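Enquirer: Just the structure for this:
(2 chains)
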2 protein chains.
Amino acid sequence: MRIIILGGDGYLGWPTAMHFSRLDDDVAIVDNFTRRAGHLERGTGSLTPIAPMQDRVAAWEQVSGHRIESHVLDICDFTALRDLFEKFAPDTIVHYGEIASAPYSMIDRDHAWETQRNNVEGCMNVIWAMREVCPDAHLVKLGTMGEYGTPNIDIEEGYLDYEHNGRTDRLPFPKLPGSFYHLSKVHDSHNIHFACRVWGLRATDLNQGVVYGIHSDDTELDDRLLTRFDYDEIFGTALNRFCVQAVIGHSISVYGKGHQTRGFLNIRDTIQCIELATRTPAAVGEMRVFNQFTELFTVMQLAEEVVTAARHLGYNAELEHVDNPRFELEEHYYNPTHTKLLELGLKPRLLSDELIETVLHTVERFKDRVNPRAIDPATRWR
Amino acid sequence: MRIIILGGDGYLGWPTAMHFSRLDDDVAIVDNFTRRAGHLERGTGSLTPIAPMQDRVAAWEQVSGHRIESHVLDICDFTALRDLFEKFAPDTIVHYGEIASAPYSMIDRDHAWETQRNNVEGCMNVIWAMREVCPDAHLVKLGTMGEYGTPNIDIEEGYLDYEHNGRTDRLPFPKLPGSFYHLSKVHDSHNIHFACRVWGLRATDLNQGVVYGIHSDDTELDDRLLTRFDYDEIFGTALNRFCVQAVIGHSISVYGKGHQTRGFLNIRDTIQCIELATRTPAAVGEMRVFNQFTELFTVMQLAEEVVTAARHLGYNAELEHVDNPRFELEEHYYNPTHTKLLELGLKPRLLSDELIETVLHTVERFKDRVNPRAIDPATRWR
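Expert: Numbers count the residues shown, from 1 in each chain, chains lettered A, B, ... in the order given. Next up is the predicted model:
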């Protein structure tokens, strides 16, 4: 494959790039360091000391013998993006290149708009550039399970077979996104769906759950290949944040009752899912939607798993309920379907004490880098 | 009421402003002349010679004795918008202030993005400004029936009672918008719904059909009070365009087979609907959705009505089918519900030969202003 990875300097983008490169695919990564800049703004950073993109790529070539092409480019610059698509002639475009933080989007009007502008403009540029120079390429776009919210009915994969007043149609599943960030992904989904329907583009929209974990096969090879690991209130996700809290002796802070249920997956499974989606592309004119997660947990269950694993390693971890900064149901029905990736061959690595212990050990290595100021929630929905 | 009308210089905004002003409501209009600028760009213009906003307001005061406050302001300037809301303290905000043209949004990438940026950023500013300075005000937002597209099931008003695998919920109706413009309205709807759910704002989203007609009670009082009338391929709508074609001896051009069915309403009924929606506001935390049209027609039916009326006035009007520049189903099921405004008291003025003849007579008055170059479709979806 000739594969372009937008957001190829990120938590998931970088390990994904190495994975395809190792398999001998031609890989180009594109990034404008929006996440690194977001941390600069907040005075925070990755737990793991990550190398600059340029050094990562050089280290990868040294370690693996494979070359990843890299481009410092803002995908909101349409001309630059289209020129790159024209020159590289990708058959596959994996689009991770968005601002992915619900709290960031809720800070104030400017952050809300910056999130929607950056994400919707970038994604619109991708579909227009595809239309103009590579209409046969396959777009694999990262969405989020958060687009659906928590409706009182089973969540299907992107579409629902409607039956209403004796008539039927297959139409998009209704969305109840919970932040301006999640809304930006809903807007993207509608725009991409339109491009597939009207222009005949093909796309796979991956509604991903919450990703945890610190290593892929390739990040473990050399410290210069480490991927980022965010634990702060703005960019960190639940399990990763809990592990940092356990190691530095901070209480494991559960937002509200903690009965919020979400889909989760291991970072290694993200890479597996992306590979499955790219190897069997969507049909011409199709926007295929997969719900990309392997297990459901309540936030409480995750926190308890971390407490158990941390205590096993000798940490005196304690659970604490804090005021929920978000607006979300804390008691709700949640039953999302997630069979399509399994049908394509996904072999899930389920969460185990062992995985959590591995994360805890890596956190221990870098614990002097933790900024405790950044952990407690400061951004509120209301 | 203290009512702010965003887009108060437009086809619908200006007659709406005069209507409320005549009824002794305190009215402020806001515009940055996006439509006038769009015509400048295309080298086109309104059939009717419209006065500058500043002169309209002065003429209205002279004719009616009522004062309309006017502001030249881009609602994408958040600080300016919030300051205006703070100073004027509206209880009602009517939001017409968006780029409303499917063809304009399909010209190229730049027009697609400009439409979504302008509309989504402006609308986001409205909800953030409401949240910050007038959270109890009622937002009446103009959406479009085009958000729904043409699904094979009955279209409800904004929401559907879902029954799926034995469970139920009331959730947003699925959307199949047909252009980047229609998509921008879908994005707005999701953002406003979020603001109502999470911040407790109240809003009415009016999914309006295609508006026709040239006069309200107030525009007829004085030529300086005329509203705009667009007949070009970019900003014109079906019936208005057909009337201009009949008068200048152009064939009445039907896109494709003409079996596309849409909801239509008289401009006077738009004003009536806005009044009904504002006098009985949505509840706190509610985004109420009304489908705002009075009759369904196929494009062919409309064209035939114009042919009949034009011939009655002595014009030799002829129908012509032209290649459909749009991507849309030309044979489809269409049965949208539209009972909520009727329940609030809407008394529809149905389309009659008399109305069409009135439009034709007004077009005759201004026929020397018609630019024939601007009529035939030049903007194509594919």
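
Enquirer: What segments of the stretch 1-150 of chain A are helices?
Expert: Applying DSSP state H, counting those that start in this stretch to the stretch 1-150 of chain A gives helices spanning A:13-22, A:34-42, A:53-64, A:78-88, A:102-105, A:109-133.

Enquirer: Can you say which of the ones you listed is nearest to A:V211?
Expert: With C-beta to C-beta, the closest approach to A:V211 among the helices of the stretch 1-150 of chain A belongs to helix A:13-22: 10.6 Å. C-betas here are computed from N, CA, C, even on glycine.

Enquirer: Run through the neighbouring helices and strands of that closest one.
Expert: Contacting helix A:13-22 under the criterion 3 or more C-beta pairs under 8 Å, 6 or more residues apart in numbering or on different chains; DSSP states H and E are the following elements: strand A:2-6, strand A:26-31, helix A:53-64, helix A:267-279.

Enquirer: closest one to chain B among those?
Expert: Across the helices and strands packed on helix A:13-22, chain B has its closest neighbour in strand A:2-6 (16.6 Å, C-beta to the nearest C-beta).

Enquirer: Tell me what angle the closest one forms with helix A:267-279.
Expert: Per axes from the mean of the first three to the mean of the last three C-alpha atoms, to 10 degrees, the angle that strand A:2-6 makes with helix A:267-279 is 130 degrees.

Enquirer: Show me what strand A:2-6 is in contact with.
Expert: By C-beta atoms under 8 Å, 6 or more residues apart in numbering or on different chains, the surrounding residues in contact with strand A:2-6 are A:13, A:16-17, A:20, A:25-31, A:75, A:84-85, A:88-97, A:122, A:126, A:278.

Enquirer: picking up where we left off before, let me know which of the helices of the stretch 1-150 of chain A is tucked in deepest.
Expert: Stretch with highest mean neighbour count among those: helix A:13-22 (a mean of 26; mean count of other C-beta atoms under 10 Å in any protein chain shown).

Enquirer: what's the distance between that helix and the middle of its chain?
Expert: Offset of helix A:13-22 from its chain centre (C-alpha atoms, centre = their mean, to the nearest Å): 15 Å.

Enquirer: thinking again about what came up before, of all the helices and strands packed on helix A:13-22, which one is nearest A:V140?
Expert: The closest of those to A:V140 is helix A:267-279. By C-beta to C-beta, the value is 5.1 Å.

Enquirer: Residues in contact with the closest one: which ones?
Expert: Identification of contacts with helix A:267-279 by C-beta under 8 Å, 6+ apart yields A:1, A:3, A:11-12, A:15-16, A:19-20, A:92, A:94, A:138, A:140, A:204, A:206, A:208, A:211-217, A:227, A:265, A:290, A:292, A:294, A:341, A:344-349.

Enquirer: what are the ranges of the strands in the stretch 101-250 of chain A?
Expert: With DSSP state E, counting those that start in this stretch as the criterion, the stretch 101-250 of chain A has strands at A:138-144, A:159-164, A:167-172, A:202-208, A:210-212.

Enquirer: Please work out which residues outside the third one touch it.
Expert: The contact list for strand A:167-172, computed with C-beta under 8 Å, 6+ apart, reads A:158-162, A:189-190, A:193, B:151-154, B:174-176, B:333.

Enquirer: and what of the fourth one?
Expert: In this structure, residues lying in contact with strand A:202-208 by C-beta under 8 Å, 6+ apart are A:136, A:138-145, A:147-148, A:157-158, A:189, A:192, A:195-196, A:265, A:270, A:273-274, A:277, A:281-293.

Enquirer: cool, and the last one?
Expert: When contacts are defined by C-beta under 8 Å, 6+ apart, strand A:210-212 is touched by residues A:11-12, A:145, A:237-240, A:262-267, A:270, A:293, A:351, A:355, A:359.

Enquirer: Is A:N119 in contact with A:S184, as I believe?
Expert: Yes - between A:N119 and A:S184 there is a contact under C-beta atoms under 8 Å: 3.9 Å.

Enquirer: which residues are common contacts for those two?
Expert: Listed as contacting both A:N119 and A:S184 by C-beta under 8 Å, 6+ apart are A:E98, A:I99.

Enquirer: re earlier: okay, the strands of the stretch 101-250 of chain A in JSON lines with mean pLDDT next?
Expert: JSON lines is the format used below for the strands of the stretch 101-250 of chain A (pLDDT from 0 to 100):
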{"stretch": "strand A:138-144", "mean pLDDT": "98"}
{"stretch": "strand A:159-164", "mean pLDDT": "97"}
{"stretch": "strand A:167-172", "mean pLDDT": "98"}
{"stretch": "strand A:202-208", "mean pLDDT": "98"}
{"stretch": "strand A:210-212", "mean pLDDT": "96"}
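
Enquirer: Now render those strands as a markdown table, adding distance to A:T308 and mean neighbour count.
Expert: Below are those laid out as a markdown table (distance: least, C-beta to C-beta, whole Å; neighbours: other C-beta atoms under 10 Å in any protein chain shown):
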| stretch | distance to A:T308 | mean neighbour count |
| --- | --- | --- |
| strand A:138-144 | 28 | 26 |
| strand A:159-164 | 38 | 16 |
| strand A:167-172 | 40 | 16 |
| strand A:202-208 | 26 | 26 |
| strand A:210-212 | 15 | 20 |
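
Enquirer: so how many other residues sit close to the nearest residue to A:N32 once chain neighbours are set aside?
Expert: Closest residue to A:N32 apart from its sequence neighbours, by C-beta to C-beta, 6 or more residues apart in numbering or on different chains: A:D74 at 4.2 Å. Using other C-beta atoms under 10 Å in any protein chain shown, A:D74 is surrounded by 18 other residues.

Enquirer: Which pLDDT value belongs to A:D74?
Expert: We note a pLDDT of 98 for A:D74 in this prediction.

Enquirer: Could you verify my assumption that it touches A:A80?
Expert: Yes - here A:D74 reaches A:A80: they are 7.3 Å apart, a contact under C-beta under 8 Å.

Enquirer: Could you name the residue of chain A that is farthest from its center?
Expert: Going by C-alpha atoms, centre = their mean, the residue of chain A most distant from its centre is A:G166, 39.3 Å out.

Enquirer: Got the phi and psi for it?
Expert: phi 80, psi 0 (degrees, to the nearest 10).

Enquirer: Return the distance of it relative to chain B.
Expert: Per C-beta to the nearest C-beta, to the nearest Å, A:G166 is found 9 Å from chain B.

Enquirer: How about A:L350?
Expert: For A:L350 relative to chain B (C-beta to the nearest C-beta), the value is 25 Å.

Enquirer: Around that residue, count how many other residues there are.
Expert: The burial count for A:L350: 11, using other C-beta under 10 Å.

Enquirer: thinking it is in contact with A:E295, fair?
Expert: Yes - at 5.9 Å, A:L350 counts as touching A:E295 under the criterion of C-beta under 8 Å.

Enquirer: what is in contact with the two at once?
Expert: The contact sets of A:L350 and A:E295 do not overlap (C-beta under 8 Å, 6+ apart).

Enquirer: quick revisit: nearest to B:Q54 among the helices and strands packed on helix A:13-22 would be which one?
Expert: The closest of the helices and strands packed on helix A:13-22 to B:Q54 is strand A:2-6. By C-beta to C-beta, the value is 47.0 Å.

Enquirer: List the buried residues in the closest one.
Expert: Residues of strand A:2-6 classed as buried by neighbour count (16 or more other C-beta atoms under 10 Å in any protein chain shown): A:I3, A:I4, A:I5, A:L6.

Enquirer: And these, which is closest to A:A102?
Expert: A:L6 (20.5 Å).

Enquirer: That closest one bridge partners, please.
Expert: Per DSSP bridges, the residues bridged to A:L6 are A:V30, A:H95.

Enquirer: sorry, back to before: show me the one of the helices of the stretch 1-150 of chain A that comes nearest A:E328.
Expert: Shortest distance between A:E328 and these, using C-beta to C-beta, is found for helix A:102-105: 9.7 Å.

Enquirer: No more questions from me, cheers.
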